[in-house]
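**Student:** Sequence plus the predicted model coming up.
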Amino acid sequence: MISVIGGGPSGSHLAYLLAKKGLKVSVFEEHDNIGKPVQCTGLVTSSIKELFPMKEEFVINKISKVVVISPDDTSVDFYLNSPNYVLDRRKFDEAVAKSAQDAGAKYYLKKKFTGFKDNTIFFGDGSSVKTDYLIGADGPLSAVAKQCGMFGNRKFMAGMQARVRGNFDSSTFVVYLGKGYFGWSVPENDRFSRVGVIASLGKPKPYFDLVLKKVNCTVVEYQSGLIPVYLPRIRCQKDGVFLIGDAATQCKASTHGGIIQGMIAGTALCEAIITGKSYDRLWRKKLGRDLYVHLKIRKMIDRMSDSDLNYMTKLVKQEKIKKILETCDRDFASKLALKILLKELRFLKLVF
């Protein structure tokens, strides 16, 4: 049997792929509902369609325009050739889980993983189950990774977000740049948006308040969570235990998204289990280069002063750069970064 700890998109997509191959799969979720609590902006690029069909039941908005605002309020806007999707995370997670269940996977709620020994999984309610494979899809603080000696020296960023009420252009995703933080406003419609920031642990609140003032809105509901920083040398495979998604730090360090990356890792792990190939080699082939470039971009931006960020925004305003950003998928950062550097060598000043 294959046991997946965590019923988020990464775990459920993997369960679907394995069950579709006729394998016996069980998914254990510690909460009493799939998709709760919500700790994600829910914005994904159009490449999600290659992994899961987008449906009206969980797509609540489509984004066609991005506006980037620098510390000195210089702004640059560009239009996306392919739309970004704003997801209702609860309904999306439920849809991915349902696809897995329809394929034959079994789901067990309120099952908190507490230990693993001799191919036996132990849960907080005192129950246990035997398994052949154990997959940790249980988020950034993965108990599976800790229990099985694969947690490593990982680092985290703090995310703070609120669902807010105001007046918004429903087609436009706004990015706020500043020394020490990365902020956003992702509209659900013309009346509600998801506004938030990412910053170092313990530091998001002042930046969050700053972005809220820029947006001019009223908070309806607060949300927060930890975001893992990609660890290039992380160990994701140990005997019959594997890690995927946030549990494996498979997140974009530049924008801190990870839904698509976790689901792609699921395709790699399914192939590894079916064929006996190395999961570590497969997921790194699919994701490793882009995740590494995202990490380098994040480190570059973290070193920048406000004046550097203003300069970068002015470079991005050039039509030749805007065209690249409009046509290239930001999930695949290695191709995007190379095209930008070849078009504008002055970006090298910021790189170094």
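**Tutor:** All right, it came through fine.

**Student:** Just give the number of residues close to A247.
**Tutor:** 32 (other C-beta atoms under 10 Å). From N, CA and C alone the C-beta is placed, and that goes for glycine too.

**Student:** Nearest residue to it in space, please, no chain neighbours.
**Tutor:** Distances taken as C-beta to C-beta, 6 or more residues apart in numbering place S142 nearest to A247, at 3.6 Å, with adjacent residues excluded.

**Student:** And the one you found, how far from T45?
**Tutor:** Distance, S142 to T45, by C-beta to C-beta, to the nearest Å: 25 Å.

**Student:** Of those two, which one has the most company?
**Tutor:** Neighbours were counted for S142 and for T45 using other C-beta under 10 Å; S142 has more, 26 against 20.

**Student:** That one and I244, how far apart?
**Tutor:** 10 Å.

**Student:** Now do the helix or strand hosting S12, average pLDDT.
**Tutor:** Of the helices and strands defined by DSSP states H and E, S12 is found in helix 9-20. For helix 9-20, the mean pLDDT works out to 98.

**Student:** Stretch 97-110 too?
**Tutor:** Within the predicted structure, the mean pLDDT of stretch 97-110 is 97.

**Student:** Need the residues that contact that stretch.
**Tutor:** 7, 12-13, 15-16, 18-20, 22, 24-34, 52, 125 (C-beta atoms under 8 Å, 6 or more residues apart in numbering).

**Student:** swap the cut-off to 7 Å and go again
**Tutor:** With C-beta atoms under 7 Å, 6 or more residues apart in numbering as the test, stretch 97-110 has contacts from 7, 12, 15-16, 19-20, 25-32, 34.

**Student:** What's the end-to-end length of that stretch?
**Tutor:** 15 Å (C-alpha to C-alpha, to the nearest Å).

**Student:** Check stretch 136-154 too.
**Tutor:** In stretch 136-154, first residue to last residue: 16 Å (C-alpha to C-alpha).

**Student:** How about stretch 155-172?
**Tutor:** 31 Å.

**Student:** buried ones in it?
**Tutor:** M157, A158, G159, M160, Q161, A162, R163, V164, G166, F168, S170, T172 (16 or more other C-beta atoms under 10 Å).

**Student:** Pull the contacting residues for the second one.
**Tutor:** Going by C-beta under 7 Å, 6+ apart, A158 touches A199, S200, L201, G202, P204, L226.

**Student:** you'd agree the first one is up against Y181?
**Tutor:** Going back to what we said before, that points to A199. Yes: under the criterion of C-beta atoms under 7 Å, A199 makes contact with Y181 at 4.4 Å.

**Student:** shared neighbours of the two, anything?
**Tutor:** Taking C-beta under 7 Å, 6+ apart as the criterion, A199 and Y181 both touch Y207.

**Student:** any low-confidence regions in the stretch 251-352 of the chain?
**Tutor:** 350-352 (pLDDT under 70).

**Student:** Equivalent analysis for the stretch 101-250 of the chain, please.
**Tutor:** For the stretch 101-250 of the chain, counting by pLDDT under 70, not a single residue falls below.

**Student:** so where do the helices sit in the stretch 251-352 of the chain?
**Tutor:** Per DSSP state H, counting those that start in this stretch, the stretch 251-352 of the chain carries helices over the ranges 259-275, 279-283, 289-303, 306-316, 319-327, 333-343, 347-351.

**Student:** mind putting those in a markdown table, distance to K98 and mean neighbour count included?
**Tutor:** Output for the helices of the stretch 251-352 of the chain, formatted as a markdown table (distance: least, C-beta to C-beta, whole Å; neighbours: other C-beta atoms under 10 Å):
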| stretch | distance to K98 | mean neighbour count |
| --- | --- | --- |
| helix 259-275 | 15 | 23 |
| helix 279-283 | 25 | 19 |
| helix 289-303 | 29 | 18 |
| helix 306-316 | 40 | 17 |
| helix 319-327 | 34 | 15 |
| helix 333-343 | 32 | 16 |
| helix 347-351 | 44 | 13 |
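
**Student:** Next, format those helices as JSON lines and append distance to S75.
**Tutor:** JSON lines is the format used below for those (distance: least, C-beta to C-beta, whole Å):
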{"stretch": "helix 259-275", "distance to S75": "27"}
{"stretch": "helix 279-283", "distance to S75": "37"}
{"stretch": "helix 289-303", "distance to S75": "17"}
{"stretch": "helix 306-316", "distance to S75": "8"}
{"stretch": "helix 319-327", "distance to S75": "12"}
{"stretch": "helix 333-343", "distance to S75": "19"}
{"stretch": "helix 347-351", "distance to S75": "19"}
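
**Student:** Nearest approach to Y222 belongs to which of those?
**Tutor:** With C-beta to C-beta, the closest approach to Y222 among the helices of the stretch 251-352 of the chain belongs to helix 259-275: 21.3 Å.
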